[in-house]
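**Student:** After the sequence you'll find the predicted model.
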Amino acid sequence: MSNDSTDPASDRTVHIDQYTGNILADVGFADYSPAGKAMAVGIAFHEGDMGLWNLVLNTVFCLSVIFLSVSGLVMWWMRRPSRALRLAAPPLPANLPLWKGAVAVMLLVSLLFPLVGITLLALLAFDLLVIQRVKPLARLLA
């Protein structure tokens, strides 16, 4: 879509011979494969081109990501050890009743979004191979 419509099903590409004016190809949404149709709708949805409701939905999603980022920092700040001059983690609670559910969600997200899984594995490897073996880093981040 060239952002000129709120309906990806009205997408149409026409190729015209510049010398004769004859139509060489006229490809519409109906001519797309199922993957092409999904991509056309997905791109329009991602860009917020499907009307005001889509723009509002995308805006709410973006604001929720900003809220999660800021609230995560605020929660860490409120729970950090007092007078810690390092990036210390809050103390581990004695009871973690939902840890199995959190692991299941993490595994599901890693399977649905492989780059998330690769990132989590890279951070785990970095922690095990670098941070825990370099004493100044371990003291700073522990």
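**Tutor:** Done, it's in.
**Student:** CA atoms of the least confident helix or strand in the chain by mean pLDDT as CSV?
**Tutor:** Using mean pLDDT, DSSP states H and E, helix 135-141 stands out as the lowest-scoring helix or strand of the chain, at a mean of 81. Extracted in CSV, the C-alpha atoms of helix 135-141 (Å, rounded to 0.1, in the frame of the first residue of the first chain):
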residue,chain,number,x,y,z
LYS,A,135,35.7,-9.9,39.2
PRO,A,136,35.1,-6.1,38.8
LEU,A,137,32.1,-6.7,36.6
ALA,A,138,30.7,-9.3,39.0
ARG,A,139,31.1,-6.9,41.9
LEU,A,140,29.4,-4.1,40.0
LEU,A,141,26.4,-6.1,38.8
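**Student:** All further residue positions should be reported with the first residue as 39.
**Tutor:** Happy to do that; since the first residue is 39 now, the last one works out to helix 173-179.
**Student:** How far off centre is the longest helix seen in the chain?
**Tutor:** Assignment by DSSP state H gives helix 90-117 as the longest helix of the chain. A distance of 13 Å separates the centroid of the chain from that of helix 90-117, by Cα atoms, centre = their mean, to the nearest Å.
**Student:** Done for today, thanks.
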